[in-house]
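Asker: With the sequence up front, the predicted model follows.
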Amino acid sequence: MNKYYIEQFEDKGLAHFSYAILVGERVYVIDPGRDPKPYLNFAKKNKAVLEGIVETHPHADFISSHLELHQKTGATIYVSEKVGADYPHQVFDDGDEIDLGEEVRLKAIYTPGHSPDSISILLEEMGKQKAVFTGDTLFIGDVGRPDLRENAGNQKAKRRELAEMMYDSTRNKLMKLADEVLVYPAHGAGSLCGKGMSEANSSSIGAEKAGNYALQQMSKAEFVDLLLKDQPFIPKYFPYDVDLNKQGAPAYEESISAVNFIKKNHVPEKGAVIVDTRPSDKFKSSHLPGAINIMDGDKFETWLGSIVDPSEAYYLIAEDEDALQKMIKKAAKIGYELNIKAAFVFDLDDGEGFDEFDKNKFESNKEAFTILDVRNSPEVKDSKVFEAAINIPLPELRERAKELPRDKPIAVHCAGGYRSAAGSSIVKAKLEGVQVLDMSEAVNDF
C-alpha cells in the first residue's frame with residue numbers, strides 16, 4: 001500500500017489539473033488554481049498541514065494561488081530559480097529534493113521546452129519512481145507548445161530554441177523514467193497550452209512512449225517542425241498571466257470583493273469596452289450600444305482573455321446578481337477581475353437589437369451576403385463551410401473588422417454558435433449602418 005495519496009483537481013473551463021499530495025499529516029500542492037479553497041479544504045478534511053506549494057513554471061493560461069496559500073498557511077513555495085519569482089520562495093531546481101516523510105520525496109527535474117524555466121516533479125517512494133507531475137512539458141497525447149515565452153517572463157526564448165529544448169527534455173529526461181511511472185499533467189483536452197491533448201487525465205511513461213505522437217522516433221529537426229506546425233492562437237492574456245504569476249496574484253476573495261458594483265442598467269461612457277455575458281437571445285433582443293456578447297460557457301475565460309486586451313478596463317454585464325458574481329469569479333481565474341471598471345445587471349428591453357438570420361433567404365442567394373467565418377485558421381484549413389467566406393479569427397476581429405466590405409449584409413458563423421455570437425456583436429459595433437446577422441446554430445445545417 002502506498003504511503004502517499006494523490007488528489008487531482010480539475011477546472012473544466014480552463015482544462016486545468018492541479019494536485020494535492022498527502023503523506024501522513026503533510027500536504028503538498030502542485031500548480032494550484034486561483035481559488036485556494038479546494039486545497040485548504042483538502043488539508044482540513046484530512047487533518048493535515050499544508051506545508052508546500054510547487055510551481056512547475058509561471059503559467060500563461062490561469063492565475064495560481066501559490067502566494068495566497070503561502071500567506072494563509074505559511075507553506076513554502078518551491079519554484080525554479082530561473083523564474084525570477086518576486087514572492088517568497090525556496091529554489092527548487094534539477095536534482096533538488098523535498099522530503100515528505102514516510103520515505104516519500106519529491107525531486108525536481110529541469111524540463112524546459114514549453115518555457116525556459118519549466119520543471120517536472122518526480123515522486124519517489126522508498127527510492128522507487130512512482131509518479132511525475134509534468135506541468136506543461138508532457139501532456140497525455142501531446143507536449144507543451146513552445147511559442148509562449150518570446151515576450152513574457154523573466155527568461156524569454158524563441159520558439160525554435162524552446163522546441164529544441166523540448167526534444168531534449170522528453171528524450172533525455174522524461175522518457176528515461178521507468179515505464180510504469182504515472183504521468184500527471186497540468187492540462188487536458190481543450191487547453192490552449194498544446195494542440196492535441198487526450199481526454200484522459202493521467203497516463204504512464206510507457207503508454208506515452210507508445211502512443212504520444214511527439215515521443216516517436218524522429219530527428220530533432222523533424223520534431224521542431226512538427227511541434228511548431230498548426231499550434232493554436234495565443235490569447236491576448238497569456239503574457240499578462242505569466243507576469244502576474246511571477247509576481248504573485250492578490251488574494252482571491254478579497255480581489256473579487258473589491259470589484260465595483262454599480263446600479264442596474266447603467267449607461268457607460270461612449271467608447272467604453274462592455275462585455276455582456278447574457279445568453280445570445282437576450283443580447284440580440286436588447287443590448288447596450290457597442291457591447292460584446294461573450295456568453296457564459298465552458299470557455300468564457302479563454303474568450304474573455306482572447307478578445308479583451310489585459311490593458312483594457314471593461315464593464316461586465318450579467319442578467320442578474322447571481323450570474324454577475326459567477327462571471328466575476330470566472331474572470332478572476334485569469335486575473336481579469338482586476339480590469340473590471342464596474343459590474344452591473346442589465347435587464348432593459350428597449351436597447352439595441354439584432355435582425356434575425358433567415359436561413360431560407362440566405363440559402364436561396366448566398367451571393368447577396370458577405371460571409372464571415374470567425375473560426376481559427378487551422379479549423380478553416382481542415383474544413384471550409386462556405387467557399388466564399390472571409391476568415392478573420394475571433395481573437396483578431398476587433399482589430400480587423402473594418403477590413404470587411406460594407407456593401408452587403410454580413411452573415412457571421414463559427415463551428416456551433418458560441419463564437420459567432422461574440423463575432424457578430426463585434427462587427428455590429430465596428431461597422432455602423434451595416435446589417436449584421438448571426439448564423440448561430442444554423443451553421444450546423446450547411
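Answerer: Thanks, I have it.

Asker: what about the least confident helix or strand in the chain by mean pLDDT, distance to the chain center?
Answerer: Ranked by mean pLDDT, DSSP states H and E, the helix or strand of the chain with the weakest confidence is helix 377-382, at a mean of 86. Mean C-alpha position of helix 377-382 versus that of the full chain (C-alpha atoms, centre = their mean, to the nearest Å) differs by 20 Å.

Asker: what's the residue closest to the geometric middle of this protein?
Answerer: Asp61 (3.7 Å; C-alpha atoms, centre = their mean).

Asker: Pairing partners for the helix or strand that the least confident helix or strand of the chain is followed by, with directions?
Answerer: With elements assigned by DSSP states H and E, the helix or strand that comes after helix 377-382 is strand 390-391. Its sheet considered, strand 390-391 pairs with strand 370-373 (parallel) by DSSP bridges.

Asker: neighbouring contacts of the strand it pairs with?
Answerer: 380, 384-386, 388-392, 404-405, 407-414, 423, 427 (C-beta atoms under 8 Å, 6 or more residues apart in numbering). Bear in mind the C-beta positions are built from the backbone N, C-alpha and C, glycine included.

Asker: What of stretch 266-276?
Answerer: The contact list for stretch 266-276, computed with C-beta under 8 Å, 6+ apart, reads 283, 287-288, 290-294, 304, 308, 312-317, 341-342, 344, 346, 425.

Asker: cool, and stretch 414-434?
Answerer: By C-beta under 8 Å, 6+ apart, stretch 414-434 touches 276, 280, 283, 287, 289-295, 297, 299, 303, 307, 354, 372-375, 379, 394, 397-398, 401-402, 404, 406, 409-410, 412-413, 436-441, 443-444.

Asker: one more time with 6 Å, if that's ok
Answerer: 280, 290, 292-295, 297, 374-375, 394, 397-398, 401, 406, 410, 412-413, 436, 438-441 (C-beta atoms under 6 Å, 6 or more residues apart in numbering).

Asker: do the same with stretch 134-142
Answerer: With C-beta under 6 Å, 6+ apart, stretch 134-142 has contacts from 56-57, 111, 113-114, 118, 120, 144, 169, 174, 183, 185-186, 193-194, 196-198, 200, 203, 212.

Asker: Go through those and flag which are in strands.
Answerer: Members of the contacts of stretch 134-142 lying in strands (criterion: DSSP state E): Ser120, Val183, Pro185, Ser203.

Asker: ranges for the helices of the chain?
Answerer: Taking DSSP state H to define them, one finds helices in the chain at 37-45, 66-73, 159-172, 205-211, 220-228, 238-247, 252-257, 280-285, 300-307, 321-332, 359-364, 377-382, 397-400, 418-430.

Asker: Show me what the mean pLDDT comes to for the first one.
Answerer: Per-residue pLDDT over helix 37-45 has a mean of 98.

Asker: Could you list the buried residues of that helix?
Answerer: By 16 or more other C-beta atoms under 10 Å, the buried positions in helix 37-45 come out as Pro38, Tyr39, Leu40, Phe42, Ala43.

Asker: residues in contact with the fourth one?
Answerer: For Phe42, the contact set (C-beta under 6 Å, 6+ apart) comprises Glu7, Ala20.

Asker: I'd like to know how far it sits from Tyr184.
Answerer: Distance from Phe42 to Tyr184, counting by C-beta to C-beta, to the nearest Å: 16 Å.

Asker: Same check on the first one?
Answerer: For Pro38, the distance to Tyr184 equals 16 Å [C-beta to C-beta].

Asker: sorry, back to before: how about the least confident helix or strand of the chain: buried residues?
Answerer: For helix 377-382, burial by neighbour count (16+ other C-beta under 10 Å) applies to Glu379.

Asker: what does that helix rub up against?
Answerer: Asp230, Asp373, Asn391.

Asker: Any idea how many residues pack against the second one?
Answerer: Going back to what we said before, that points to Asp373. Using other C-beta atoms under 10 Å, Asp373 is surrounded by 27 other residues.

Asker: Setting aside sequence neighbours, what's the nearest residue to Ala318?
Answerer: Nearest residue to Ala318, sequence neighbours excluded (C-beta to C-beta, 6 or more residues apart in numbering): Leu324, at 3.9 Å.

Asker: Quick check, the one you found in contact with Tyr315.
Answerer: No: counting by C-beta atoms under 6 Å, Leu324 does not reach Tyr315; the two are 11.2 Å apart.

Asker: Just the buried ones from the contacts of stretch 134-142?
Answerer: 56-57, 111, 113-114, 118, 120, 144, 169, 174, 183, 185-186, 193-194, 197-198, 203, 212.

Asker: And for Gly141, the neighbour number?
Answerer: Neighbour tally, Gly141, other C-beta under 10 Å: 22.

Asker: no wait, Asp358
Answerer: By other C-beta under 10 Å, neighbour count at Asp358 equals 12.

Asker: ok, Ile53 - contacts?
Answerer: Neighbouring residues of Ile53 by C-beta under 6 Å, 6+ apart: Val29, His66, Leu69, Ala75, Ile77.

Asker: Name the member of those with the most neighbours.
Answerer: Neighbour counts for the contacts of Ile53 peak at Val29, which has 30 neighbours (criterion: other C-beta under 10 Å).

Asker: related to what we said a few turns ago, tell me which two in the contacts of Ile53 are the farthest apart.
Answerer: Distances among those were taken as C-beta to C-beta; the most separated pair is Val29 and Ile77, at 9.9 Å.

Asker: Let me see the backbone angles for Val181.
Answerer: phi -60, psi 130 (degrees, to the nearest 10).

Asker: got the buried residues for stretch 60-80?
Answerer: 60-70, 73, 75-80.

Asker: Break the chain down into its domains, please.
Answerer: Domain assignment for the chain by automatic domain parsing gives 5-240, 250-272+293-345, 359-445.

Asker: how distant is the longest one from the center of its chain?
Answerer: Its chain's C-alpha centre lies 15 Å from the corresponding centre of domain 5-240 when counted by C-alpha atoms, centre = their mean.

Asker: Now do the contacts for Arg145.
Answerer: Gly194, Gln231 are the contacts of Arg145 under C-beta under 6 Å, 6+ apart.

Asker: Against Ser191, how distant is it?
Answerer: For Arg145, the distance to Ser191 - C-beta to C-beta - is 10 Å.

Asker: burial of the residue lying closest to Ser286 once chain neighbours are set aside, as a residue count?
Answerer: Spatial nearest neighbour of Ser286, chain neighbours left out: Gly351 (3.8 Å); criterion: C-beta to C-beta, 6+ apart. When neighbours are defined as other C-beta under 10 Å, Gly351 has 16 of them.
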